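A.B. asks: got a predicted structure plus its sequence, pasted below:
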Amino acid sequence: MITLIKDILSQKPEGQEVTVCGWVRTKRETKNLIFMQVNDGSCLASIQLTFDRDKGIDAETEKALSKITTGASVRAVGTLIASPGSGQALEVAAKTITVYGEASAETYPLQKKRHSFEFLREIAHLRARTNTFGAVARMRNQMAFAVHNFFQERGFQYVHTPLITASDCEGAGEMFQVTTLDMQEMVRKALRDKMDPATYTLDYKQDFFDKAAYLTVSGQLEIETYATALSRVYTFGPTFRAENSNTTRHLSEFWMIEPEMSFFELEDNMELAESFVVYLLKWALTHCRADLEFFNAQIKPGLIEMLEHVVQTPFTRITYTEAVKELEKRSDAFEFKPYWGCDLQSEHEKYLTEEVFKGPVIVTDYPKEIKAFYMKQNADGKTVRAMDVLVPGLGEIIGGSEREDNLAALEKRMTELGLDMKNYWWYLDLRRYGTVPHSGFGLGFERLLLYVTGMANIRDVIPYPRTPKSAEF
Ligand code: ATP
Ligand code: MN
């Protein structure tokens, strides 16, 4: 049984024999001593191996040592002792080492101590071997686990909503199409048949699903169907958006967490969202401490303090109308002038959380024009029961709402928006049979990771980022 380095490092050094497997980060040599830092990704810390020629090194091991450079994979055996050197509490007084694979010093790209994130993005297949990306990967794992824990502790059932769908949830038209039609051949045939370009349309009856199909932009509509059977459910999976927004906050493929709860009204939804955010940040603060301290020191000074502040501060609740009033007081300070009916911009969200309320804010009751068709309409005829959770240092982290559960009201709104009712027959059935008040929200997993790691670019918190014009690996 191989012991992980994190487990070796948590042992008491009593001269016990240990076997270390991992990748060499650095190797340093004096006349009689050879020091090596070995990392296996199980934790941020590397373990130090020390070879002492005065104590004798066998010929096999000397031969192996001569082949070892940064990046080589090794297996070493020695005894765990308290380190006489500064910088680490423990080290391994190593006796033997074998090399699994060398890493040529001439070509192995991870030689320097620090590489730019841009450069590392080009070698995304190797970047998890650096401190930063190892820490991001462990944090991502922990936060995913925390998400499941939170919901499982509260009686939610995990539901796998489909990735291929025929309905456009947000009606935004930013979807990737899924087809097996041979596009090249379709064009050739149309030209051969001298089709009139003005009237020619693709025949989806010949396509795989008998109709146009897409990659999902959200599991929301499908998760609602299970909420109205199992009461409390959530989905957590990849979503896809073909939006051409080349920002540090948008990916074409990202992961989303979407809980949906029957019998929850907007107030219940807000309460759940607040406890969810607090739970996740607390988890990061306790279960990811070493990595978090690394981010705090190397990536974003003040990160831990910011997270602790959010955990300790009750979330302010205001309506959109109140929020706009606040923003209008300082209209001159914004690039985008706020007015009732506008979508809140990042600068507005920052101002509300960082200047006005100095903490997280939940904004509710947005104008219906800027929100999705399925949100429950208020009696004023102008606003809907939407809620966005805004946090200092990021802005929107969660978007959600109570859903329209009244069939007539929903149909009326869909007609106003020109949605084709027959595509949503199953969604409308939920209002036709045993309808209940229900609510839910969506949290972009990578936005959460940006927040808890302090990383600046969303491309650096997912193993293989997909963005416009970029899908290597
Ligand atoms: P934004 O205004 O930032 O584009 P949105 O209003 O389009 O977000 P929603 O449709 O409400 O976002 O999606 C729910 C959540 O998914 C958002 O709160 C955000 O955390 C995340 N999200 C949305 N689009 C992306 C994307 N392209 N890449 C990564 N995360 C995203
Ligand atoms: Mn968007």
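C.D. replies: Yep, it's here. Ligands and ions are numbered 1, 2, ... in the order given.
A.B. asks: below-threshold pLDDT in this protein: ranges please.
C.D. replies: When the per-residue scores of the chain are filtered using pLDDT under 70, the ranges that remain are 168-173.
A.B. asks: repeat that with 50
C.D. replies: Screening the chain residue by residue with the criterion pLDDT under 50, one finds no matching range.
A.B. asks: enumerate the residues of it near ligand 1.
C.D. replies: If contact is defined as CB under 6 Å from any ligand atom, the residues of the chain in contact with ligand 1 are 170, 241, 249-251, 254, 256, 396, 399, 442-444, 446-447, 458. (Glycine included, C-beta is placed from N, CA and C.)
A.B. asks: mind listing what the residue in the chain positioned nearest to ligand 1 touches?
C.D. replies: Among all residues of the chain, Gly444 sits closest to ligand 1, at 2.4 Å; criterion: CB to the nearest ligand atom. Under the criterion of CB atoms under 8 Å, 6 or more residues apart in numbering, the contact list for Gly444 reads 254-256, 397.
A.B. asks: 7 Å instead, please
C.D. replies: Taking CB atoms under 7 Å, 6 or more residues apart in numbering as the contact definition, Gly444 lies against 254, 256.
A.B. asks: okay, and the beta partners of it?
C.D. replies: As for beta bridges, Gly444 partners with Met256 under DSSP bridges.
A.B. asks: ok so, going back, list buried residues within the residues of the chain next to ligand 1.
C.D. replies: Judged by neighbour count, with 16 or more other CB atoms under 10 Å as the criterion, the buried members of the residues of the chain next to ligand 1 are 241, 249-251, 254, 256, 396, 399, 442-444, 446-447, 458.
A.B. asks: same list (these) but as a markdown table, adding secondary structure and distance to Gly434.
C.D. replies: Below are these laid out as a markdown table (DSSP: H, G, I helix; E, B strand; the rest coil; distance: CB to CB, whole Å):
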| residue | secondary structure | distance to Gly434 |
| --- | --- | --- |
| Arg241 | coil | 32 |
| Arg249 | coil | 39 |
| His250 | coil | 38 |
| Leu251 | coil | 37 |
| Phe254 | strand | 33 |
| Met256 | strand | 27 |
| Glu396 | strand | 33 |
| Gly399 | strand | 27 |
| Gly442 | strand | 24 |
| Leu443 | strand | 28 |
| Gly444 | strand | 31 |
| Glu446 | helix | 36 |
| Arg447 | helix | 34 |
| Ile458 | helix | 40 |
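A.B. asks: Ile397 touches Leu449, doesn't it?
C.D. replies: No - with contact taken as CB atoms under 7 Å, Ile397 and Leu449 are classed as non-touching, separated by 11.0 Å.
A.B. asks: and which of the residues of the chain next to ligand 1 is nearest to Ala128?
C.D. replies: Distance ranking of the residues of the chain next to ligand 1 against Ala128, using CB to CB, places Glu446 first at 16.0 Å.
A.B. asks: can you give me the helices in the stretch 301-450 of the chain?
C.D. replies: Listed in chain order, the helices found in the stretch 301-450 of the chain under DSSP state H, counting those that start in this stretch are 303-312, 320-328, 346-350, 407-416, 425-432, 445-453.
A.B. asks: got the contact list for Asn406?
C.D. replies: Contacts of Asn406 were listed using CB under 7 Å, 6+ apart, and they are Arg431.
A.B. asks: now it: phi and psi?
C.D. replies: Asn406 has phi and psi values of phi -100, psi 120 when expressed as degrees, to the nearest 10.
A.B. asks: and what of Ile164?
C.D. replies: Backbone geometry at Ile164, expressed as degrees, to the nearest 10, gives phi -100, psi 130.
A.B. asks: beta partners of it?
C.D. replies: Bridge pairing for Ile164 (DSSP bridges) gives the partners Leu215.
A.B. asks: how is the protein partitioned into domains?
C.D. replies: 5-101, 131-161+217-460, 176-216 (automatic domain parsing).
A.B. asks: please identify the deepest-packed of those.
C.D. replies: A comparison of those by mean neighbour count, using mean count of other CB atoms under 10 Å, puts domain 131-161+217-460 on top with a mean of 18.
A.B. asks: gap between Leu9 and Ser218?
C.D. replies: Plainly put, Leu9 is 42 Å away from Ser218 if you go by CB to CB, to the nearest Å.
A.B. asks: er, Glu404 actually
C.D. replies: With the distance defined as CB to CB, Glu404 ends up 16 Å from Ser218.
A.B. asks: go on, Val187?
C.D. replies: Relative to Ser218, and taking CB to CB, Val187 is found at 32 Å.
A.B. asks: can you pull the contacts of Ala89?
C.D. replies: Applying CB under 7 Å, 6+ apart, one finds that Ala89 lies in contact with 82-83.
A.B. asks: ok, the one 10 residues further on next?
C.D. replies: Contacts were defined as CB under 7 Å, 6+ apart; by that measure Val99 touches 64, 67-68, 72, 74.
A.B. asks: among those, which are in helices?
C.D. replies: Among these, DSSP state H puts 64, 67 in helices.
A.B. asks: which of the contacts of Val99 lies closest to Pro197?
C.D. replies: Minimum separation from Pro197 among these (CB to CB) is found for Ala72, which lies at 60.4 Å.
A.B. asks: wait, the closest one touches Glu102, no?
C.D. replies: Yes - using CB under 7 Å, Ala72 and Glu102 qualify as a contacting pair, with a distance of 5.2 Å.
A.B. asks: run through who's touching stretch 239-247.
C.D. replies: Contacting residues not belonging to stretch 239-247 are listed as 174-176, 215-218, 250, 252-254, 256, 467-468 [CB under 7 Å, 6+ apart].
A.B. asks: at 8 Å what do you get?
C.D. replies: 163, 172, 174-176, 215-219, 250-256, 467-468.
A.B. asks: do stretch 366-386 as well
C.D. replies: The set of residues that contact stretch 366-386 without belonging to it, under CB under 8 Å, 6+ apart, is 169-171, 220-221, 265-266, 319-321, 340-343, 364-365, 388, 399-405, 409-410, 413-414, 417, 419, 427, 439.
A.B. asks: where along the stretch 1-150 of the chain do the strands fall?
C.D. replies: With strands called from DSSP state E, counting those that start in this stretch, the stretch 1-150 of the chain shows them at 17-29, 33-39, 47-52, 73-82, 90-101.
A.B. asks: dump the second one to CSV, restricted to CA.
C.D. replies: The C-alpha coordinates for strand 33-39 follow below in CSV (Å, rounded to 0.1, in the frame of the first residue of the first chain):
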residue,chain,number,x,y,z
LEU,A,33,24.2,15.8,0.7
ILE,A,34,21.4,15.6,-1.9
PHE,A,35,18.1,17.4,-1.1
MET,A,36,15.0,16.7,-3.0
GLN,A,37,11.5,18.1,-2.8
VAL,A,38,8.9,15.5,-3.9
ASN,A,39,5.2,16.3,-4.4
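A.B. asks: what angle separates it from strand 73-82?
C.D. replies: Counting by axes from the mean of the first three to the mean of the last three CA atoms, to 10 degrees, strand 33-39 points 110 degrees away from the direction of strand 73-82.
A.B. asks: same check on the last one?
C.D. replies: If you take the same axes, to 10 degrees, strand 90-101 sits at 170 degrees to strand 73-82.
A.B. asks: neighbouring strands of strand 90-101 in the sheet, and parallel or not?
C.D. replies: Strand 90-101 pairs in its sheet with strand 47-52 (parallel), strand 73-82 (antiparallel), by DSSP bridges.
A.B. asks: before we move on, what about the second one?
C.D. replies: According to DSSP bridges, the neighbouring strands of strand 33-39, each with its direction, are strand 17-29 (antiparallel), strand 47-52 (antiparallel).
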